[in-house]
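Novice: fold the following.
(one chain, ligands or ions: 1)
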Amino acid sequence: MKRSEVNNILSEADDFIKSFGFRLPPFAYWSPETMRERRDDISAIISARMGWDITDYGQGDFDRLGLFLFTVRNGTQEDLKRGGGMCYAEKIMISRQDQISPMHRHIFKTEDIINRGGADLALKMYTSDSAGNIDRDADVYVTTDGIQRQLSAGDTLRLSPGESVTLAPGNWHAFWGEGGDVLIGEVSAVNNDLTDNIFEAPIGRFAKIDEDVAPLHLLVSDYDTWLG
Ligand SMILES: [Fe+2]
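Specialist: This next block holds a predicted model:
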């Protein structure tokens with residue numbers, strides 16, 4: 001993706017998020033220079049990979065295959081292992097109309113995916129076989145806002161604004177906005193996007209950036225190169 005395209009997506013996403021009354025934390029609006037100057041203050045932000053995150057899954061076609069995310073908070077593996085402290089994470093995301101987040105599951109993370117407003121959120125669902133691969137026959141069991149649901153393999157679950165689904169590590173899911181763009185919340189266990197995503201297709205989790213202009217804000221995938 002070109003950096004100019006990333007900058008535009010950030011601006012549009014910020015407007016969309018604000019239109020629902022949701023507000024991002026102050027560091028969201030820091031410049032790359034401020035992030036560098038305050039490097040010592042933000043080590044927790046960097047290590048937890050909090051902040052802006054745009055992905056085209058390395059495929060270069062963001063409108064068709066992509067997701068906007070902002071990680072608002074994220075705990076630590078140490079707390080998760082000892083079973084206390086900050087074992088949780090929160091993201092705010094946007095799926096545009098018919099913009100697919102491709103079929104994947106997680107290894108450790110259980111996540112609640114919440115329709116925070118806009119259009120319907122559609123999720124195509126499968127469960128795992130004993131090897132962790134997609135089971136194309138078995139029914140899928142999930143909970144939507146505390147209510148047990150049984151779906152057939154490959155069914156599409158539709159969540160209207162206010163609705164949510166709890167996805168366990170074995171639940172394969174792909175999702176997109178249906179009929180318009182959707183603001184999505186994610187409340188989950190500690191999140192590690194470098195190691196916890198298993199995709200059906202051989203794709204990447206992060207975009208490659210072509211630096212045609214200066215970044216408006218750093219993405220979490222920029223932290224290693226820009227902030228060392
Ligand atoms: Fe997921």
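
Novice: gap between the nearest residue in space to residue 29 that is not next to it in sequence and residue 97?
Specialist: In space, and not counting its chain neighbours, residue 29 is closest to residue 217: 7.3 Å by Cβ to Cβ, 6 or more residues apart in numbering. Placement of C-beta: from N, CA and C, glycine included. In this structure, residue 217 lies at 25 Å from residue 97, with Cβ to Cβ, to the nearest Å as the measure.

Novice: of the two, which one has the most company?
Specialist: Counting neighbours by other Cβ atoms under 10 Å for residue 217 and for residue 97 shows that residue 217 has the greater number, 20 against 14.

Novice: quick check, the more buried one in a strand?
Specialist: No. The assignment for residue 217, made by DSSP: H, G, I helix; E, B strand; the rest coil, is coil rather than a strand.

Novice: look up phi and psi at it.
Specialist: phi -140, psi 160 (degrees, to the nearest 10).

Novice: and for the spatially most central residue of the chain, nearest residue in space, chain neighbours not counted?
Specialist: With distances taken as Cα atoms, centre = their mean, the chain has residue 69 as the residue nearest its mean C-alpha position (4.9 Å). By the measure of Cβ to Cβ, 6+ apart, the closest residue to residue 69 outside its immediate chain neighbours is residue 53, 4.2 Å from it.

Novice: right, and that neighbour touches residue 74 too?
Specialist: No. Counting by Cβ atoms under 8 Å, residue 53 sits too far from residue 74 to count as a contact (11.2 Å).

Novice: the two: who's more crowded?
Specialist: Relative neighbour count places residue 74 above the other of residue 53 and residue 74, with 24 against 21, counting by other Cβ under 10 Å.

Novice: quick one on the thing from earlier: my guess is the residue nearest to residue 29 meets residue 52, correct?
Specialist: Yes. Judged on Cβ under 8 Å, residue 217 makes contact with residue 52 at a distance of 5.5 Å.

Novice: please enumerate the shared neighbours of the two.
Specialist: 10, 28 (Cβ atoms under 8 Å, 6 or more residues apart in numbering).

Novice: quick one, phi psi at residue 32?
Specialist: For residue 32, the backbone dihedrals are phi -60, psi -40 (criterion: degrees, to the nearest 10).

Novice: excluding covalently adjacent residues, which one is nearest to residue 221?
Specialist: For residue 221, the closest residue by Cβ to Cβ, 6+ apart turns out to be residue 206, at 4.4 Å.

Novice: counting neighbours, what do you get for the closest residue to residue 226 other than its chain neighbours?
Specialist: Take residue 226 and drop its neighbours on the chain: the residue closest to it by Cβ to Cβ, 6+ apart is residue 218, 5.5 Å away. The local packing count at residue 218 equals 20, with neighbours defined by other Cβ under 10 Å.

Novice: show the contacting residues for residue 218.
Specialist: Contact analysis of residue 218 by Cβ under 8 Å, 6+ apart lists 32, 35, 51, 52, 226, 227.

Novice: ok, and the closest non-adjacent residue to the fourth one?
Specialist: It stands for residue 52. For residue 52, the closest residue by Cβ to Cβ, 6+ apart turns out to be residue 219, at 5.0 Å.

Novice: brilliant, that's me finished.
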